[in-house]
Structures are given as C-alpha cells and as structure tokens.
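*Asks:* Whatever this is, show me its structure:
(2 chains)
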2 protein chains.
Amino acid sequence: VRIVVDGMGGDYAPKAVVEGVVQAVKEFNVDVTLVGIQEKLEAELKSYNYPKEKIQIIHAPEVVGMDEHATVSLRKKKDSSMTVGVRLLKDKNYDAFISAGNTGAVVAASTIYLGMLEGVERPAIGLVIPTVKGLSFLIDVGANADPKPQHLLQSAQMAHVYVRELLGREKPTIGLLNIGEEEGKGTDFHKETYKLMEEKLSNFIGNVEASEVFSGKSDCIICDGFVGNVVLKVSEGVLESAGKLLKQEIKKSPLALTGALLMRRGLNHIKKLADYSEYGGAPLLGVNGLVMISHGRSSAKAIKNAIKATKREVEQNILTHMMTEVKRIAL
Amino acid sequence: VRIVVDGMGGDYAPKAVVEGVVQAVKEFNVDVTLVGIQEKLEAELKSYNYPKEKIQIIHAPEVVGMDEHATVSLRKKKDSSMTVGVRLLKDKNYDAFISAGNTGAVVAASTIYLGMLEGVERPAIGLVIPTVKGLSFLIDVGANADPKPQHLLQSAQMAHVYVRELLGREKPTIGLLNIGEEEGKGTDFHKETYKLMEEKLSNFIGNVEASEVFSGKSDCIICDGFVGNVVLKVSEGVLESAGKLLKQEIKKSPLALTGALLMRRGLNHIKKLADYSEYGGAPLLGVNGLVMISHGRSSAKAIKNAIKATKREVEQNILTHMMTEVKRIAL
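*Replies:* Okay, here's the model as predicted:
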C-alpha cells in the first residue's frame, strides 16, 4: 500500500505529521510519500530511526493556511502540498491521500483534480463516531453545507457501502438526522429527502433525532454538511466544557482528585466519545480517489491511526465497491 | 403575578405539573390557574397542603398529545388545555402562560391566538444555557426550522433585550452560529444573515462555531430552529451517553464507584450543563404575550423553576421592553 501524506497540513504540522508517519511505517506494512517543503520535512525526519526505503519526500513549495479561503488558495497556490498530493494520487501511482490541512481546500482540490464518481454529484465527509452501542457513521460533517435531497441520498448510498465494508455490518441501517422522529418533521428539504430515501433505500429506518446520534440507534446518520459540522463541534465543545468544569472541581478538592484517579478508566472511555484521533480520519466520499481528512488538531497518534484506517480502505477495495454499487442504484 | 399553567402538558403531566405548581405557590408570591381536565387536576391537588386561594382550576376537556401534528391538533381540539390557556392569557386577566406540552402546538396556538409583536414576523424559542463562563442565551431552539435572514435579525434583537433584562448583562454580545469564524462561511443564508447583523446590530461579534456554544464566548447565540434544536439535543445526547458509559464502568469496578462518590460535586456540576430543569423553561419570543415552554420531560422542580423564571419576566416587564425596542430598530 502506497499512501501520499500532506506533510504541511494541520495545526501541528510538519512535526506531528512526520512523527505519525514514522510510527506508521514501523508498525504497518505501508509506504508513505510525504509532500511539502523538502528541507522542513527532512529536518523533522532526521530525529527518527526508520526504514529509509519506506518514506519518500516530494517537494511542494507552497502551503495552504488553515484559515485560507479554499477556492482562492486553490487558484493562487497550484504547487501547495495539498494540490501536489492530490495530483500524485490522480496519477495512479498511489492508493490514497491523507491531509490534516484546511478541510475546505482538501475538498476543493480533490473535487477538481480527481473528479466525482459516476452517480455522485457532490462530495461528502463521513465520520466514524463512537456510540454507547459501538461505532456509527455520520455523513456529511462539512463538505457540502447546502445540498439537495438527492445529494443526501447519494451520501446514504456511499455510507451504506462504507459501513458494510469497513465496520463489518452486513445490512447497515440508515437514518435521516431530523428534529423529530415522525415523518413530516423538519423543513421542506428534510421532508423531500425523507420521501426519496424511503423510496430508494431498503434499509432506511426513518428520522433520527440529534439526541440519538451517540446512542447508536442507526449505523449511518445522514445530514447536510452544516448540521453535521454542528453535531461534531457541539459534541467536542460539550465534552471539553465538561472536562474544564471537572478540572476546576478537582483543583478545589483533593477528594475529587482521588475520585478522578479511581475513575480514570471510565473518564477515558468518555473522552473517546469526542476523540477522533482514535479512528484518525474522516473519509472524503464521492470523489474518484481515496482521500482521508484528518482533524486540524491531529497529533502524531491521529496521523498514525489515519494511515491505519486508510490502509484498510485500500485493502478492502472500498473505492471499487462504491463505484460499482453507487452507480448501480443511481436515480 | 398571575400565571396560567397547562396542567396536561408534558410527559409526566398532570402529576409533575401539579406538584411543581404547589411548590411554587408556597415559595413564591404567585397565583396560578391550572388548565386541564378538572377531575384529574383536583385528584392530584388533593394530596397536597397549600394556600387554597392561590391555585385555581379552569376546565379544558381536551388534551394535545406530545407527538400530535401541531396544526392538526389546533384545528381539531379547540378546547385543549393549551388553546384554552393561551386564550386566557390573551384576555388579559393573566400575566403569562406556561406549558410543558407539545412544543409545536404551543408555538402554533400562541402565534394564532396572541399574534406577533410589531416588527417581528416569526416566533422563536430562546434557551438560557449554562456555559463554562456563566449563562448564555441560544435562540431559536425549534420554533422556526426554515427562517429568512431578517427573522434571525429579529431574534437577535429580542435576545438582546431578554439577556440584558433577565441575565443582567449591560451590553450583551451577539454571535451568529456558523461552521467557521471568518466572514463568508456557511450557506448563502448565513452569509446574508451575517451582513444584515453587521449592519444593524452594534454588538454583533461575528460568527460563533458550535464548539464555542458552551464556552461562553457570546452572550446571545443566534441560529435557525433546526440547528438550534440539533445543538440542544446533541448536547443532551452526548452527556446522557457519557453518563451511561460511566455507569457501565462503575458497575464493573468498586474503585470507580468510590471515585464517583468522591467526585459527586464535580459530576453534578457537569450534569447541569444539560439540565434545563435548572432554568425551567424556554421563553417563546415574538408573540404578543409571555409564553414559557418547559421541557417535555419536565419534573416538578422544572415546573417550579419555570414559574420562578416566568415571574421574573413579568416583574421585569420584559414584554413591554421588547415591544418598544424591537419596534424601534425594525427594518
């Protein structure tokens, strides 16, 4: 498996990215090509022992900032680590591309250079999330903030394939994220999407309320990119705020500190509810190539786990499955 | 202060409602008229000692179910506890109406019978939320799932008045809930709303990401009713799931149980992050009357606290403030 990794993407790049890549090539059977400013990547690599033949560097002189406007950066920086990385993937020498950089720019570069799968009109970012019952898949968490009903149907079809192949569910259930369980809830957009899904998807279980996202009620939870992003960030924010409150309490009381130590296992379990470094990345689905988007705050561990998850995607031929099955059930 | 309370509204009605009302009239200087099926309310009241002159019952033979379609129920049940309650408020003998019943039906009944404030086109439900820094105000959490930009502007104007008068902030800040901080983020709807707010509101601080809702970054956080409902329910869901995971862990280990006991204060603090019974209700703003919506799962304590919060709204003349100020800055 040969993976291209954006060496300059993410808040802690290139340091965390390089460290994660080194760990990955040692642990998994994978070759990585790091794309970015050569001297910076070389300087980081110097501090590690690793099998030299497994990490290659390809120079890309430009870097897309985390807050840059996606399409502007694409137009102005044709030789950024991101665009060079995506083009390498397109040229078929590589199996996948991973970036923890500016999400909008990764989506835009992938869409433009790789094109879309037949039968899919818009890209969508999926996310494997931990729930009380096990893993679920939330899509879209931010690629397309203002989709049409058929885009959500296409996301559902892709989610179905992804969850079946990668999470090993034989017949994954599909739910539409909505503000009530009954049919007829939500905006016209949601009502129309509901009808379409009911007609086209045999495993559609209806609306799922936001309170059920982390209860594991549905294997796949489908929503627009605006709402998905809100779900993701609210859950991060709530757990972060809860953590802060707990720390304040612990500072005030030695008893509470003792309590926290005794409960460490349980508290770590909860932390994982919002710790996306466990899975490592969010697949960008719909484009004609395997692209994995890592969290902007990715640690070395997150990068390593993104490589692991991406390697599994390659080995399971996830792209081929999507190409054949999504096309087959297109409108 | 004279308040009408929907005796039949909520999952635990009439029991929890009656209990909360009894507690309220004992603790606060307030008169309550309970509306609902007379014999059921009388049967509940029998078990309590309370100052008889402070609780009155007005019979309403019909009950709106929690999952009934709002407008259908309004048309078919003209004598439900909800519609009778709202009409009592309209006839000016009362200061406010509180219901823990079907939210959609409360919104519809209030809009139809009370009408809108001048300068406000659509109702919105506000919610006082606990954050790391203190209380903030999230609006709309579910009245209007598909608003226009000017509706969000009007919500912001009402939120400003509410937070100033009820939470005592002199110059409350206003943020637009969006999927990025920079101007130009989100859908066309969000971009347009941003421009409008920047032009019309002197205390607009720009976009606020969902991860910042519970950090206390902005006093007022403005969003459409779909997204606000998602924020509310995701935060409930995350904390509920976290609680379940913690309980599983505690069951497995006596040490963890000891830990939990030692940390009880801190854990209770966190629970309050999603415990809306603390504030007790969500004001329905924009209609020409004081209406408070309580959580469907309201306990007696939640009802009591809703009466307390509503009493303060009456005493602060919140409706008069809104009438004069929102009109003054209308488009």
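
*Asks:* Would you map the strands across chain A?
*Replies:* Counting by DSSP state E, chain A has strands at residues A:2-6, A:31-36, A:55-59, A:96-99, A:124-131, A:134-139, A:174-178, A:204-209, A:220-222, A:282-285, A:290-293.

*Asks:* Relative to chain B, which of those is closest?
*Replies:* strand A:204-209 (5.6 Å; CB to the nearest CB). The way it works is simple: take the backbone N, C-alpha and C, and place the C-beta from them, glycine included.

*Asks:* residue in the stretch 101-250 of chain A nearest to chain B?
*Replies:* residue A:249 (3.2 Å).

*Asks:* neighbours of that residue, just the number please.
*Replies:* The number of residues packed near residue A:249 is 21, by other CB atoms under 10 Å in any protein chain shown.

*Asks:* Surely it and residue B:265 touch.
*Replies:* Yes - taking CB atoms under 8 Å as the definition, residue A:249 is a contact partner of residue B:265 at 6.0 Å.

*Asks:* Stretch A:114-134 near chain B at all?
*Replies:* Yes - counting by CB under 8 Å from any CB of the partner chain, chain B has neighbours in stretch A:114-134: A:131-132.

*Asks:* Quick check: neighbours shared by residue A:249 and residue B:265?
*Replies:* residue A:256 (CB atoms under 8 Å, 6 or more residues apart in numbering or on different chains).

*Asks:* ok so, going back, nearest to residue B:98, out of the strands of chain A?
*Replies:* strand A:204-209 (24.0 Å; CB to CB).

*Asks:* In the closest one, which residues are buried?
*Replies:* Applying a neighbour-count criterion of 16 or more other CB atoms under 10 Å in any protein chain shown, one finds A:204, A:206-209 buried in strand A:204-209.

*Asks:* and residue A:33, what are its bridge partners?
*Replies:* Beta bridges link residue A:33 to residue A:4, residue A:56, judged by DSSP bridges.

*Asks:* Give me the pLDDT for the residue of the stretch 101-250 of chain A closest to chain B.
*Replies:* Per-residue confidence (pLDDT) for residue A:249: 75.

*Asks:* Tell me how far it lies from residue B:217.
*Replies:* Using CB to CB, to the nearest Å, residue A:249 is found at 22 Å from residue B:217.

*Asks:* can you check residue A:20 too?
*Replies:* Separation of residue A:20 from residue B:217 (CB to CB) stands at 31 Å.

*Asks:* out of these two, which sits in the busier spot?
*Replies:* Set side by side, residue A:20 and residue B:217 show more neighbours around residue A:20, with 28 against 19, by other CB under 10 Å.

*Asks:* As a markdown table, the strands of chain A with distance to residue A:233 and mean pLDDT would be great.
*Replies:* Shown next, in a markdown table, are the strands of chain A (distance: least, CB to CB, whole Å; pLDDT from 0 to 100):
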| stretch | distance to residue A:233 | mean pLDDT |
| --- | --- | --- |
| strand A:2-6 | 22 | 97 |
| strand A:31-36 | 27 | 98 |
| strand A:55-59 | 33 | 97 |
| strand A:96-99 | 19 | 98 |
| strand A:124-131 | 12 | 92 |
| strand A:134-139 | 12 | 94 |
| strand A:174-178 | 15 | 98 |
| strand A:204-209 | 18 | 97 |
| strand A:220-222 | 16 | 98 |
| strand A:282-285 | 13 | 96 |
| strand A:290-293 | 15 | 97 |
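
*Asks:* Let's have these in TSV, adding distance to residue B:120.
*Replies:* Listed next are those as TSV, based on distance: least, CB to CB, whole Å:
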stretch	distance to residue B:120
strand A:2-6	48
strand A:31-36	53
strand A:55-59	58
strand A:96-99	45
strand A:124-131	36
strand A:134-139	35
strand A:174-178	26
strand A:204-209	28
strand A:220-222	34
strand A:282-285	40
strand A:290-293	41
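
*Asks:* Identify each buried residue in the biggest helix by length in chain A, please.
*Replies:* The residue-count maximum for a helix in chain A (DSSP state H) belongs to helix A:225-252. For helix A:225-252, the neighbour count (16+ other CB under 10 Å) marks A:225-243, A:245-246, A:249-250 as buried.

*Asks:* nearest to residue A:147, of the strands of chain A?
*Replies:* strand A:124-131 (8.0 Å).

*Asks:* Which elements pack onto the closest one?
*Replies:* On a contact count with 3 or more CB pairs under 8 Å, 6 or more residues apart in numbering or on different chains; DSSP states H and E, strand A:124-131 meets strand A:134-139, helix A:149-166, helix A:225-252, strand A:282-285.

*Asks:* Which of those comes out lowest on mean pLDDT?
*Replies:* Note on the helices and strands packed on strand A:124-131: lowest mean pLDDT is at helix A:225-252, with a mean of 85.

*Asks:* how big is the angle separating that one from helix B:225-252?
*Replies:* On the basis of axes from the mean of the first three to the mean of the last three CA atoms, to 10 degrees, helix A:225-252 is oriented at 40 degrees to helix B:225-252.

*Asks:* Would you tell me which of the helices and strands packed on strand A:124-131 gets closest to residue A:327?
*Replies:* Per CB to CB, nearest to residue A:327 of the helices and strands packed on strand A:124-131: helix A:149-166, 9.7 Å.

*Asks:* ok so, going back, please produce TSV containing the buried residues of strand A:204-209, extended by distance to chain B.
*Replies:* Output for the buried residues of strand A:204-209, formatted as TSV (distance: CB to the nearest CB, whole Å):
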residue	distance to chain B
A:204	20
A:206	13
A:207	12
A:208	10
A:209	6
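
*Asks:* Residue A:141: which of the residues you listed is nearest?
*Replies:* Checking those one by one against residue A:141 (CB to CB), the nearest turns out to be residue A:208, at 15.2 Å.

*Asks:* Okay, helices next: where are they in the stretch 1-150 of chain A?
*Replies:* Assigned by DSSP state H, counting those that start in this stretch, the stretch 1-150 of chain A shows helices spanning A:15-27, A:38-45, A:70-76, A:81-90, A:103-114, A:149-166.

*Asks:* And those, which one averages the lowest pLDDT?
*Replies:* Across those, helix A:70-76 gives the lowest mean pLDDT, at a mean of 84.

*Asks:* Pull out the buried residues from that one.
*Replies:* Neighbour-count burial for helix A:70-76 [16+ other CB under 10 Å]: A:70, A:73-74.

*Asks:* Check stretch A:168-182 too.
*Replies:* A:169, A:172-180.

*Asks:* And stretch A:12-20, by the same measure?
*Replies:* Residues A:12-14, A:16-20 are the ones in stretch A:12-20 that count as buried (16+ other CB under 10 Å).

*Asks:* contacting residues for residue A:123?
*Replies:* By CB under 8 Å, 6+ apart, the contact set of residue A:123 is A:107, A:110-111, A:116, A:143-144, A:284-287.

*Asks:* Quickly note the distance from it to residue A:226.
*Replies:* 15 Å.

*Asks:* Any idea what the most centrally placed residue in chain A is bridged to?
*Replies:* Taking CA atoms, centre = their mean, the centroid of chain A lies closest to residue A:282, which sits 0.8 Å from it. Residue A:282 forms beta bridges with residue A:293, as assigned by DSSP bridges.

*Asks:* quick one: it and residue A:124 touch, right?
*Replies:* No - between residue A:282 and residue A:124 there is no contact under CB under 8 Å: 10.0 Å.
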